[in-house]
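**Q** Model the structure of this input:
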Amino acid sequence: MPTRLAATLFGVSMAVLGVAFWVEPAWHDPIRLAAGLATVAAVTFGVRRGRPARTVPWHLLSAVVLLSAVGKTVFDVPDAVQTVPYLAPVVTWSLLAVYPTLAGALLMFVHYRSDGSRDRGGLIDALTVTAGAALLSWTLVLSPLLRDADLTSMADLLAIGFPVGDLLLLAALTRLWTVSNRRVPSGFLLVFGALTMLLVDMAHSVPGMEHQLAALTAFGRLPLYAAIGLAALHGSMHALTQPAATPPADLDRKRLLLLGIAALVGPAVLLVQVGLKGRPLDLSVVAVLCGLTFMLVLARTAGIMGSQRLATSRERGLREASAVLVSASDADEVAEAARRAVAQLLPDVPHRVVLAMAVAQPEEPLSADAAAQAAQDRAAGTSARLVPTREVDWAVAVRLNQYNMVLRCPLVLQDRPTGDPLVGVLHVGAPVGALIGLQRSLEVLATQVALAMERIALGEEVIRRNSETYFRTLVQNTSDVIVIVDEEDRVRYASPSAQPVLGGDPVGVRLPDIIHPADRARLHDVLVAVRFGRGPEQGLDFRALGRNDNELMLEMHLRDLRADQTVTGLVITLRDVTERRRLERDLIHQAFHDSLTGLANRVLFADRLQHALARGARDGTLVGVLFIDLDDFKIVNDTLGHAVGDQLLIAVAQRISGALRAEDTAARLGGDEFAALIENVQDPAAVEEAAERILAALARPIDVDGEALQAVASIGITTTPEADNADELLRQADLALYVAKGAGKNQWRRYQAHLHGAMVERLELRSALDHAVNEGSFLLQYQPIVDLASDEAVGFEALVRWHHPSRGIIAPDQFIEVAEESGLIIPMGRWVLDQALHTVAQWRRVLPRTRQPYVSVNVSVRQFREKGFVDQVRASLQYAGVPPQALMLEITETLLMRDDEEIWADLAVLQDLGVRIAIDDFGTGYSSLGYLRQRPIDVLKIDKTFIDDMVGSEQQLALVSGIVSLAQSLNLIVVAEGIEDANHRDILQRLGCPLGQGYYYSSPVGPTEALTWLTASRAIAA
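**A** Residues are numbered from 1 along each chain as shown. Next comes the predicted model:
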């Protein structure tokens, strides 16, 4: 049923019941009860259809009707009241409860209309009126009743309770009347019904009027019922539970008249009762009520003064905002000035300000709600409206969502040059009580903001028009190509720079015909996307064919200006970035790749390792890191030169890359250090297989400038099961590489937890070695070199030992490599040479001339690189006082490959001096036998590994035999190292090898033991 129809039916039915009530007094109780039930039904129906924000006060009004109708009906049946125990008090209190319940419902409407804000002026006004009415009620009703009343009588209790309830109801009605200037029809109905009941009660309470007004008193509830029902069925019923849209009047003429009448009640009562009628009066009550009225008037005056101060403060804030807005140069400064102004208008009140500017031509059409709201803003002008936050634009609502209501003030200027009067909308979110008092000030501020925005817009338009000539000149002279393309992708306009860039005038040509055929499909997609407003507009690269069909790289910027009547097309800027892109590619490649080998460098390797770890964490695959270091690469650089070393590194890089899978990464970290990243594998064995493939690839000789070189590498391996971050993996691979190098050449090692301790031990060893060199904590032992035919010693090899303070005697294989890396081998080698020559000098002074042995000293490559080495050897010989023939220098085989003529000249000088030169560990290095006849060599020392295997291997035996024969043909003396038993000696003697050394004859001994060995009974070969 429509609400209007329901209201009509309810009004007619209540009118009929009212007429019947006057016509037939016997039907009072049924009619009253029927009217009450009809009102409750009307309120229930109205609440369901109107859906107010709060329903509690409407339910209280239903309770008021039920209490009144049922209570009065039962009260009018005295026999029933007297028969049922305790029914009389219940009925009496239910009738009295009507007043506080009705007053509570009205005060709840007051609370909702003011949104909980405190209207101090309205409260004082209500109390002032109530105080005046209380004085009248006391004088005319309560005082006479209290003199003769029996407070235990239900009738006397009602007679006193009704006037008191009327005062409470009067206070609630007055407070509801002061809530807002804009009245709500439903509120009018409620006030009318309550006033009707109030007036009837006041007339009935006058002594002596009870019987004359009995019928009117009984009828006085029906207008209240009708007013409540009609209020619930009216369309404005939901507004009673919503905040008032306008602030309450501070003090208008009607309210001032009412307050004046209330203030004059006291003097009027004194004048009438005492002066004219001469009746005694309770002066204490009159004095209290008059004093209360006076205090309320004073409080109201103070409130008016506070409001005046607030208005003055707001006026000052608006003047300051106006001064700032005059100097504002853009929309941001205007918005900031508006925020500061609102902050002064709402001191110490939490709030937020949002200035939303109107878009002249929005890219997307407005929704129906947004269009309707914009139309309402244009029609309303600069008039502030209090609206729920959910009803404003979503972009504004999300910034004001902490407030339920927003004060929305449109910025409207008529006769704007653009035609649209709506400049924007100023939104302020704050507590509703503060917003209600801000409306007038905000409207003034909005007008100032609108004028400031219009001034800025007009200024920008003037600047734009003054700049058109300037920009036209720029377009005509810019090196960038600016073209306008129509709907058919045909060039309608091209700037003069198009001809030198594109090789001709493109006007009339379709844009895709200018672009490279391979990029035309992508260009079509981009143009379609831009026309539909969803494509990119900046920095797109396309290839094009320029003059002489040269391929160009053009950077394209697009903007859709079809809606601009001065353009009506797509504006495309083309810039020739061919050289820039080529340079960028080169720089990026150089930044992430090694310049020599073309492999990834350390930066790119670390980046790919991070990405591989992230992928491995997602899919559960394994990541492996390999550190690859070439063994003895410094010897290649030192002996063959850096150019050959670079070619060797390039070849090694190619072989490492070829040994890896396509998804793996090879990198050069620096020098002869390489790395490999193995990813997307399930088993650590796959990483080990990659290391095996790399070693196998490097095992084949590498041809560099016609020379066959051998690239031997050590590899350290680690995988993600050992660590889960890049830094830890790199550290572990480095430790594993250290272990692999320490274990020998041409092999790999996986990281193990104890490797960290080994590295620490190596660092401690290096530190201790430095101290030992400075302190001289070394000693020499000597192993005899024996004539195999006579078993007589002809010389001794000096072997250095380190006397460690805590570890005892340390063999050279545990510290020589560290000494080589640190450079300590140079002072150590100098000490060994001096000490060995000093010892052999002592021997030669003791032994007869027929038994004068020589001493063999190992010399490091780094010693040869040191300038003045020949002079150092000559000085040591002279200082020891021994002939050069008493010294043999042992050099490594790799030194044969060095093309440094200075070194070979030094060796020739030493050889001419009489010092013999021996090749140590012959057969294990890089050299070819052709070098033996080209270099100043006297002795070949066959490595121990050949001697160990020649007993059981015919091939190894033939190899030893070939070396002996070759040496004899080249007039070189052969010394076999590592003779462990008589079988070795016999075979070597049979092959014609003249000299040998090994544990079969003697282990390394001290100088005294060596001298004893020399002076034994056996003869010593000359």
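
**Q** Low-confidence ranges, the stretch 401-550 of the chain, go.
**A** Low-confidence segments of the stretch 401-550 of the chain, defined by pLDDT under 70: 417-419, 464-478, 535-537, 547-549.

**Q** next helix or strand past the helix or strand hosting Q647?
**A** Using DSSP states H and E, Q647 sits within helix 642-659. Next in sequence after helix 642-659, counting helices and strands by DSSP H and E, comes strand 665-670.

**Q** Can you name the residues bridging to L677?
**A** When assigned by DSSP bridges, L677 has beta-bridge partners V625, T665.

**Q** surely it meets A606?
**A** No. Counting by CB atoms under 8 Å, L677 does not reach A606; the two are 9.8 Å apart. Every residue, glycine included, has its C-beta placed from N, CA and C.

**Q** higher neighbour count, those two?
**A** Comparing L677 with A606 by other CB atoms under 10 Å, the one with more neighbours is L677, at 23 against 17.

**Q** ok now do the more buried one, which residues does it touch?
**A** Residues near L677 by CB atoms under 8 Å, 6 or more residues apart in numbering: F605, R608, L609, A612, V623, G624, V625, L626, D664, T665, A666, A667.

**Q** And for V964?
**A** V974, L991, G992, C993.

**Q** part of a strand, is E555?
**A** Yes. The assignment for E555 (DSSP: H, G, I helix; E, B strand; the rest coil) places it in a strand.

**Q** how about it, what does it touch?
**A** E555 touches G539, L540, D541, L574, R575, V577, counting by CB under 8 Å, 6+ apart.

**Q** And I810, by the same measure?
**A** Taking CB under 8 Å, 6+ apart, one finds R801, W802, H803, H804 in contact with I810.

**Q** now the top strand by length along the chain, how far from the centre of its chain.
**A** If you go by DSSP state E, the chain has its longest strand at strand 792-804. Taking CA atoms, centre = their mean, to the nearest Å, the mean C-alpha location of strand 792-804 is offset from the chain mean by 68 Å.

**Q** Buried residues of it, list them for me.
**A** E792, A793, V794, G795, F796, E797, A798, L799, V800, R801, W802, H804 (16 or more other CB atoms under 10 Å).

**Q** List the pairing partners of it within its sheet, with orientation.
**A** strand 778-787 (antiparallel), strand 808-810 (antiparallel), strand 854-858 (parallel).

**Q** Which of the ones you listed has the lowest mean pLDDT?
**A** Note on the strands paired with strand 792-804: lowest mean pLDDT is at strand 808-810, with a mean of 81.

**Q** Mind checking the pLDDT average for stretch 974-989?
**A** pLDDT averaged over stretch 974-989 gives 90.

**Q** First-to-last residue distance for that stretch?
**A** 11 Å (CA to CA, to the nearest Å).

**Q** Show residues contacting that stretch.
**A** Contacts of stretch 974-989 (CB under 8 Å, 6+ apart): 785, 788-789, 918, 921, 939-945, 947-948, 950-951, 957, 960, 963-964, 967-968, 993-1001.

**Q** Return the subset of these lying in strands.
**A** I785, A918, D921, V939, L940, K941, I942, L995, G996, Q997.
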